[in-house]
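> Prediction below, plus the sequence it came from.
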Amino acid sequence: MTEQLAFFSRVTGSPAGLQYVAEFIQPALERELIDHVSALPLQPFQFGAYEGKRRVASFGFRYDYTLRRLQPAEPIPGWLGPLIGQIEAYGEPSTKIAQVLCTEYDTGVGIGWHRDKPHFGRIFGLSLGSSCKFRFRRAAGEKWQRYTLEAEPRSLYMMSGEAREVWEHSIPAVEAKRYSITFRTMADRKT
Ligand SMILES: O=C(O)CCC(=O)C(=O)O
Ligand SMILES: [Fe+2]
């Protein structure tokens, strides 16, 4: 019985290491953050052949797909300071955010299946403007084991452990403009 229950939760459960907090920020801060992000010099990001074009700005570090390594980027802007403080407190005292990626998804744009680069540690993601289906999959024999998180505006998700290292994630075409701010620690810190 115990074994059956354990099997059931492995098959139907959410990825281990995935956490979700609804209403992590207030609507007034959400509006301020959308104003800041949409005023950034966002650049189209082509990541894989089939997806639409999201637009991004990196701070702290950016991953260079030609050189296949991290490069220094603009320093993390001051307007993100209080939010980073809140996220580091949520993560635990030793959490140190080193990289921030601001992303804009126009209606119809998503992101294909991937795992984030191994240079980074844990990933925290704040959703702004509209909700999305944040999908997970991992190989289970010949099939995929799947899980979908409905990521609502103002919510925060955190990926660590298996959710970060084993499962892949993707977002299908969004139905209304969505922004996200993702915050990453560095892998060597293990926090
Ligand atoms: O927009 C998001 O919440 C996630 C984006 C993502 O998976 C990534 O930039 O690696
Ligand atoms: Fe990702």
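All right, it came through fine. Residues are numbered from 1 along each chain as shown. Ligands and ions are numbered 1, 2, ... in the order given.

> Pull up the residues of this structure that are close to ligand 1.
Proximity of the chain to ligand 1 (C-beta under 6 Å from any ligand atom) is limited to residues 101, 103, 111, 116, 125, 169, 171, 180, 182. (C-beta placed from N, C-alpha, C; glycine too.)

> How about stretch 111-120, which residues are buried there?
For stretch 111-120, the neighbour count (16 or more other C-beta atoms under 10 Å) marks 111, 116, 120 as buried.

> same check, this time on stretch 63-80
Buried residues in stretch 63-80 (16+ other C-beta under 10 Å): 63, 70, 73, 76, 80.

> how much space between the residue found closest to the first one once you drop the neighbours it is linked to in the chain and residue 95?
The shortest distance from residue 63 to any residue that is not its chain neighbour, by C-beta to C-beta, 6 or more residues apart in numbering, is 5.1 Å, and that residue is residue 117. Applying C-beta to C-beta, to the nearest Å, one obtains 18 Å for the distance of residue 117 from residue 95.

> for the protein, which spans come out with low pLDDT?
Within the chain, the stretches with pLDDT under 70 are 1-12, 46-52, 189-191.

> Which residue does it have closest to ligand 1?
Closest residue of the chain to ligand 1, C-beta to the nearest ligand atom: residue 180 (3.3 Å).

> Next, that residue: secondary structure please.
strand (DSSP: H, G, I helix; E, B strand; the rest coil).

> again with residue 136
strand.

> Tell me which residues are up against stretch 155-172.
14-25, 87, 90-91, 105, 110-116, 121-127, 132-138, 147, 149, 151 (C-beta atoms under 8 Å, 6 or more residues apart in numbering).

> The same query, at a cut-off of 6 Å, please.
If you take C-beta atoms under 6 Å, 6 or more residues apart in numbering as the criterion, stretch 155-172 is touched by 15-22, 24, 110-113, 115, 122-127, 132-133, 135-138.

> now do stretch 96-105
Among residues not part of stretch 96-105, those counted as contacts by C-beta under 6 Å, 6+ apart are 37, 40, 42, 54-61, 76, 84, 174, 178-186.
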